[in-house]
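# give the three-dimensional model of this entry:
(one chain, ligands or ions: 2)
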Amino acid sequence: MTQGDINILAIETSCDETAAAVVRNGREIRSNIISSQIELHKLYGGVVPEIASRKHIEKINQVIEEALKEADITLEEIDAIGVTYGPGLVGALLVGVAQAKAMSFAAKKPLIGVHHIEGHVSANYIEHKELEPPFLCLIVSGGHTHLVLVKEYGEYQIIGRTRDDAAGEAFDKVARAIGLGYPGGPKIDKLSKEGNSKAIEFPRAHIEGSPYDFSFSGLKSAVLNYINSMEMKGGDINRADVAASFQEAVVDVLVTRTIMAAKDFNMKKVAIAGGVAANSSLREAMARACSENGFEYYYPSLVYCTDNAAMIGVAAYYEYIEGKRSGLDLNAVPNLKIGER
Ligand code: KG4
Ligand code: ZN
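Numbering: from 1, shown residues only. Ligands and ions are numbered 1, 2, ... in the order given. Below is the predicted model of the structure:
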């Protein structure tokens, strides 16, 4: 560590991963510890909020200690503490926020509340050292589907959003319908490789007057209807074909709308973020579309797509150097909007 380095300790507990990381100078990940609760929630077919909060409380101290140890840094040497304060599950968020506030008070370190989705966008800065705003980012996670213009560090304009289900939610619901279990995204991704994506023609929803918005509930219903009608006819359901055809429909609208927005808003760079950005078909289709249309394409490694604290540390760094700080009255905001302070 050299003098002048800025080290941020970041904490993320918005859903079902207890995570802490140390980020140096905004883009260098010194440690990134994630304690996942997936195995636990699998038993219930989805995230159980009460269990999530309880597990965060159990794990948080250990995860933070590990993050500091792996980064070979002490709390005294940390410059600021960043923490996700929304959106997410209120009880889960509160564990991270309370922990960060207590540490900030005890160690006399500045506190920075971070927007979870801004964290997802910032994951792109980690491995693309040259990436700077402006760019267009498609954020697709379990709870969110947004097309956002990143105008500056910390300055976002939403140009499109889902009207109903988030993309990841659609993956999880369809996975359940075809008996794949939770979390559905990675399972559909894997099974799709054995299926024919052209086997079934599922609908691609367009929203009149809102060209950059998304809707996935009709697609989900179409998949459920297809399964029901096949069952009624006593026919066999090829699960791999259903998975691949569903995935193709999602990827198709995500890519088409992103490319259209990049053209319309005159963006040269396109990035993807969030758990669904880990989808192999989306990653490939977006790469192809960007190259065909002359856009530079950015995407995070898989570990930085799904929830982690490194991305929160990166977002916190850009707030820190802008002089933004949170008070000890920072609270969890479960439905925090992007760009809102
Ligand atoms: O970003 P994330 O970890 O948590 C939220 O902030 O919501 O995203 C989780 C979502 C889940 O819905 C999960 O099924 C989906 O991301 N996901 C995927 C893949 N990996 C995770 N969806 C499609 N393909 C994947 N490979
Ligand atoms: Zn997330």
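
# the residue of the stretch 1-150 of the chain found nearest ligand 2: neighbour count?
The nearest approach of the stretch 1-150 of the chain to ligand 2 comes at Ser141, 4.4 Å away (Cβ to the ion). To be clear about C-beta, it is placed using only N, CA and C from the backbone, and glycine gets the same treatment. Residues near Ser141, counting by other Cβ atoms under 10 Å, number 25.

# pull the contacting residues for it.
Ile117, His120, Ala166, Ala167, Gly168, Ala273, Gly274, Gly275, Val276 (Cβ atoms under 8 Å, 6 or more residues apart in numbering).

# and if we set it to 7 Å?
Contact criterion Cβ atoms under 7 Å, 6 or more residues apart in numbering gives His120, Ala166, Gly168, Gly274, Gly275, Val276 as the residues in contact with Ser141.

# gap between the nearest residue to the second one once chain neighbours are set aside and Ser245?
The reference is to Ala166. Once flanking residues are discounted, Ala166 sits nearest to Thr145: 4.8 Å by Cβ to Cβ, 6 or more residues apart in numbering. Computed as Cβ to Cβ, to the nearest Å, the Thr145 to Ser245 distance reads 20 Å.

# follow-up on the earlier one: so which of the contacts of Ser141 also contact ligand 1?
The subset of these within reach of ligand 1, by Cβ under 6 Å from any ligand atom, is Gly168, Gly274, Gly275, Val276.

# list the contacts of the second one.
Contacts were defined as Cβ under 7 Å, 6+ apart; by that measure Gly274 touches His120, Ile139, Val140, Ser141, His144, Cys305.

# what is the burial count for the third one?
If I follow you right, that is Val140. Neighbouring residues of Val140 were enumerated by other Cβ under 10 Å; the total is 30.

# kindly state the beta-bridge partners for it.
Beta-bridge partners of Val140, counted by DSSP bridges, are Thr145.

# quick check: mean pLDDT of stretch 116-134?
The average of the pLDDT scores along stretch 116-134 is 97.

# show me what stretch 16-26 is in contact with.
Stretch 16-26 is contacted from outside by 5-12, 29-38, 41, 47, 52, 55-56, 59-60, 63-64, 67-68, 71, 73, 125, 307-310, 313-314, 317-318, using Cβ under 7 Å, 6+ apart.

# report the buried residues of that stretch.
Buried residues in stretch 16-26, defined by neighbour count with 16 or more other Cβ atoms under 10 Å: Asp16, Glu17, Thr18, Ala19, Ala20, Ala21, Val22, Val23, Arg24, Gly26.

# next: stretch 198-208.
Residues of stretch 198-208 classed as buried by neighbour count (16+ other Cβ under 10 Å): Ile200, Phe202, Ala205.

# output it as PDB, restricted to C-alpha atoms.
Extracted as PDB, the C-alpha positions of stretch 198-208 are listed here (Å, rounded to 0.1, in the frame of the first residue of the first chain):
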ATOM      1  CA  LYS A 198     -36.400 -22.500 -32.300                       C
ATOM      2  CA  ALA A 199     -38.600 -25.400 -31.200                       C
ATOM      3  CA  ILE A 200     -41.400 -23.200 -29.700                       C
ATOM      4  CA  GLU A 201     -42.300 -19.700 -30.700                       C
ATOM      5  CA  PHE A 202     -42.900 -17.700 -27.500                       C
ATOM      6  CA  PRO A 203     -44.100 -14.100 -27.600                       C
ATOM      7  CA  ARG A 204     -41.900 -11.000 -27.600                       C
ATOM      8  CA  ALA A 205     -43.800  -8.200 -25.800                       C
ATOM      9  CA  HIS A 206     -43.700  -4.600 -27.100                       C
ATOM     10  CA  ILE A 207     -45.200  -1.800 -25.100                       C
ATOM     11  CA  GLU A 208     -47.000   0.800 -27.100                       C
END
